[in-house]
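[1] Next comes the sequence, and after it the predicted model I'd like to discuss.
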Amino acid sequence: MCANNFVDQSASVIVTSQEIAEQLHVDPKHCVYLMGSADLNNVQEITQRPLLYDSPAIKESSNLALKQAGLTLDDIDKFDIYSCFPSIVEIIMRELGIKKDDPRNLTITGGLPYFGFTRYCQSNGNDTRNFHSLLFLSQG
């Protein structure tokens, strides 16, 4: 996603099986493996939500993904929390249990809560390169 309509940059992520990646001689250091995931939604109609300042979906899906990966929040070295609205970043921090004085950065790419553009001004291209490092940081 690029928040500026006048930026002409692109990137892609190819999803394939390990077998096909090996047949195509993809360098293993360029492979990314999903360790855990979840897809939950909050109540869509905002006026029907019991509380506007929380997100049960974020809390539960994050817990599920970490459990599947065999990790805890303390195992995460870096985050990349993205939203167009800084208040959502604060909600995510609260739901995940990230304290305001946590020394870990909340983003490595920037984004709209961080002055409206990615820190490196390379949008998706940079995001895909950083995706690899984010998944493997806890493995040393």
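    Everything's here; your move. Please read all numbers here as calculations on a predicted model, not as lab measurements.

[2] ok, now which ones touch residue 67?
    residue 36 (C-beta atoms under 8 Å, 6 or more residues apart in numbering). For the C-beta atoms, the positions are set from N, CA and C on the backbone; glycine is no exception.

[3] Okay, buried residues for the helix or strand it falls within please.
    In the assignment (DSSP states H and E), residue 67 maps to helix 56-69. Going by neighbour count (16 or more other C-beta atoms under 10 Å), the buried part of helix 56-69 is 58-59, 61-63, 65-66, 69.

[4] pretty sure residue 73 is touching residue 93, no?
    No - here residue 73 lies out of contact with residue 93, judged by C-beta atoms under 8 Å, at a distance of 10.9 Å.

[5] out of these two, which sits in the busier spot?
    residue 93 (17 against 14; other C-beta atoms under 10 Å).

[6] Please list all residues in contact with that one.
    With C-beta under 8 Å, 6+ apart, residue 93 has these contacts: 81, 99-100, 102, 106.

[7] Can I get the buried ones among these as something I can paste into ChimeraX?
    This is the ChimeraX syntax for the buried subset of these, where burial follows 16+ other C-beta under 10 Å:
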select :81,106
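
[8] could you dump the contacts of residue 93 to TSV with distance to residue 26, pLDDT and secondary structure?
    Below are these laid out as TSV (distance: C-beta to C-beta, whole Å; pLDDT from 0 to 100; DSSP: H, G, I helix; E, B strand; the rest coil):
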residue	distance to residue 26	pLDDT	secondary structure
81	29	81	coil
99	39	92	coil
100	41	89	coil
102	35	92	coil
106	31	82	coil
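
[9] for residue 58, what are its contacts?
    42, 91-92, 95-96.

[10] Which of these fall in helices?
    91-92, 95-96 (DSSP state H).

[11] with the residues you listed in mind, which one is nearest to residue 36?
    Residue 36 lies nearest to residue 96 out of these, by C-beta to C-beta, at 13.9 Å.

[12] Quick check, the closest one in contact with residue 73.
    Yes - counting by C-beta under 8 Å, residue 73 is a contact partner of residue 96 at 6.2 Å.

[13] what are the C-alpha coordinates of the host helix or strand of residue 89, in CSV please?
    Using DSSP H and E, the element containing residue 89 is helix 86-96. Taking Å, rounded to 0.1, in the frame of the first residue of the first chain, the C-alpha atoms of helix 86-96 are listed here in CSV:
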residue,chain,number,x,y,z
PRO,A,86,-2.1,6.9,15.1
SER,A,87,-4.9,6.0,17.5
ILE,A,88,-5.0,2.5,16.0
VAL,A,89,-1.3,2.0,16.7
GLU,A,90,-2.0,2.9,20.3
ILE,A,91,-4.9,0.4,20.5
ILE,A,92,-2.7,-2.3,19.0
MET,A,93,0.0,-1.5,21.5
ARG,A,94,-2.5,-1.9,24.4
GLU,A,95,-4.0,-5.1,23.0
LEU,A,96,-0.6,-6.7,22.5
